[in-house]
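Visitor: just need the structure, nothing else, for what follows:
(chains A, B, C and D)
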Protein chains: 2
Amino acid sequence: MSTRTSVTANRLLDACQALLCETDAHEELTTRRIAEHAQATPSAIIYHFGSREELITAVAERVYRRLNAERLALLRRAVDRRFPEPADLDEVIAALVGPSIRWAADPQSSYPVLSYFTSMAHAHRDDTAHYRRIIEDVQHHKAFIPELKRIAPWLDEVDIGWRLNCALGIRSQVTRSRQRTELLTDHQMNLDDPELVIARMVEVIAPMFRR
Amino acid sequence: MSTRTSVTANRLLDACQALLCETDAHEELTTRRIAEHAQATPSAIIYHFGSREELITAVAERVYRRLNAERLALLRRAVDRRFPEPADLDEVIAALVGPSIRWAADPQSSYPVLSYFTSMAHAHRDDTAHYRRIIEDVQHHKAFIPELKRIAPWLDEVDIGWRLNCALGIRSQVTRSRQRTELLTDHQMNLDDPELVIARMVEVIAPMFRR
DNA sequence: GCCTGTTTCGAACAGCATTTGAATTCCGTC
DNA sequence: GACGGAATTCAAATGCTGTTCGAAACAGGC
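Guide: Model prediction:
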């Protein structure tokens, strides 16, 4: 196997990402089509990544990293703005859920990669690390715990983690089950405006951290 | 195609469900293996159901129906207990999320079917009805709206639907991302005890519907 | 007995991810 | 510039997959 950094490897990553974002027909995400799109052969995928799944995982990891960086940058900004006082709760929650919501609403973004990847990781719940590894990486989320603890010191760390987890569940529901959200709200909510959706989420999540 | 009710069709449904529940290796959910387990041939799957996916969908539908019935029975019980007063909020929320949580915690249950099915339906977001049909069926969830409206009359129907949707997101997070939940709560929460988890969820969801 | 419609089955087919081994390209060293 | 060994590419082959097809087996009404 190679270093995963050759020009071909990068073209494969880009091709895979493009196919995941452009089309909704993920049936067509075959090694042959990815390779064709990258001007390579299916064997190149195996050579550089070991398997088709590991290529997809590598793509997802790239995208995840960008999303996480955005999240953490927003958290830092929220903290800095009030330091040394605790950050504003609404702003921290917006930092937590905002990037996902904005990406999911933007048809230009790479969000479909994450959407597809998490579905797959859940379906193959068995499996050899490489799917789960990314899904279970909660370090960036854990970064929110200390600040939330400062905001709501009467909650212990378990309570904070539990509420954080619930907030993430709400986020997933909104980003990944858009149509269900629409049906339950009778199409009265404008899900195309991410800032409005974020405000709605803050409105529901913030009370979890209040007395 | 047949009526889907012949003895062979039923054996195929049972075999598919058994394979989905028994093993974690869903790679192995092939037409040949399902057929073998049902003492039939792969062609029988096509003949009775049209495709492998439609067989899986039929299995999921069967399981969904049972879960929904359980949910609605609990809702009715909660309503009847206080009639003509509005039902107890905590009890209504427990009716909404309880069955899923209990099924997910019970290794004997058919919950893996739903877990697998929803993942697949999300991954193939493109697609021809037959996956989505079940996922987007929110009628049983909508049944909760009128009662929640009686409990929290100061919220309009959109607010209720939105909060209901958020509650479902929390439920999904807990049932489907168990390990993430464990990590965020530092393994301090006993996720094996469904009643304890339900109580924790009520504690977080109920405030959404309070003034 | 036959005939019609339903159900089963085995043999094919196209497509898939991956393996293999040979061919090609690359690059530091002579 | 030429050599040698490693890194990379590729075409062909392997063993899966879901599905198609046509022939066989079976059913029940006349």
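Visitor: what sits up against stretch A:194-209?
Guide: A:89-90, A:93-94, A:97-98, A:101-102, A:104-106, A:148, A:151-152, A:155, A:160, A:163, A:166-167, A:170-171, A:174, A:189-191, B:162-163, B:166, B:204, B:207-208 (Cβ atoms under 8 Å, 6 or more residues apart in numbering or on different chains). For the C-beta atoms, the positions are set from N, CA and C on the backbone; glycine is no exception.
Visitor: check the gap between A:L55 and A:M120 for me.
Guide: 13 Å (Cβ to Cβ, to the nearest Å).
Visitor: sorry, that was for A:R163
Guide: In terms of Cβ to Cβ, A:R163 sits 28 Å off from A:M120.
Visitor: comparing A:L55 and A:M120, which residue is more hemmed in?
Guide: A:L55 (25 against 21; other Cβ atoms under 10 Å in any protein chain shown).
Visitor: where does chain A have its least confident helix or strand?
Guide: Each helix and strand of chain A was given a mean pLDDT (mean pLDDT, DSSP states H and E); the minimum falls on helix A:132-135 at a mean of 74.
Visitor: list the helices and strands whichever helix or strand comes after that helix packs on?
Guide: The helix or strand immediately downstream of helix A:132-135 is helix A:139-142, counting by DSSP states H and E. Applying 3 or more Cβ pairs under 8 Å, 6 or more residues apart in numbering or on different chains; DSSP states H and E, we find helix A:139-142 packed against helix A:52-82, helix A:157-176, helix B:178-184.
Visitor: do you know which of the ones you listed lies nearest A:D137?
Guide: Checking these against A:D137 by Cβ to Cβ gives helix A:52-82 as the closest, at 7.8 Å.
Visitor: who does the strand or helix carrying A:R11 touch, helix- and strand-wise?
Guide: Following DSSP H and E, one finds A:R11 within helix A:7-22. If you count contacts as 3+ Cβ pairs under 8 Å, 6+ apart, helix A:7-22 packs onto helix A:31-37, helix A:42-49, helix A:52-82, helix A:111-123.
Visitor: just these: most buried one?
Guide: helix A:111-123 (a mean of 21; mean count of other Cβ atoms under 10 Å in any protein chain shown).
Visitor: and that helix, is it in reach of DNA strand D?
Guide: No. For helix A:111-123, no contact with DNA strand D is found by Cβ under 7 Å from any atom of the strand; the gap never falls below 13.9 Å.
Visitor: ok and that helix relative to helix B:157-176, angle-wise?
Guide: Helix A:111-123 runs at 50 degrees relative to helix B:157-176, counting by axes from the mean of the first three to the mean of the last three Cα atoms, to 10 degrees.
Visitor: measure how helix A:111-123 sits relative to helix A:52-82, angle-wise.
Guide: 110 degrees.
Visitor: and chain A, what are its domain boundaries?
Guide: A:1-50, A:60-209 (automatic domain parsing).
Visitor: with distance to DNA strand C added, can I get these in JSON lines?
Guide: Putting those into JSON lines (distance: least, Cβ to the nearest atom of the strand, whole Å) gives the following:
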{"stretch": "domain A:1-50", "distance to DNA strand C": "3"}
{"stretch": "domain A:60-209", "distance to DNA strand C": "11"}
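Visitor: return the most buried member of those.
Guide: domain A:60-209 (a mean of 18).
Visitor: endpoint to endpoint, it covers what distance?
Guide: Domain A:60-209 has an end-to-end distance of 31 Å (Cα to Cα, to the nearest Å).
Visitor: can you pull the residues of chain A lying near DNA strand D?
Guide: A:S2, A:T3, A:S6, A:V7, A:T8, A:A40, A:T41, A:P42, A:S43, A:A44, A:Y47, A:H48.
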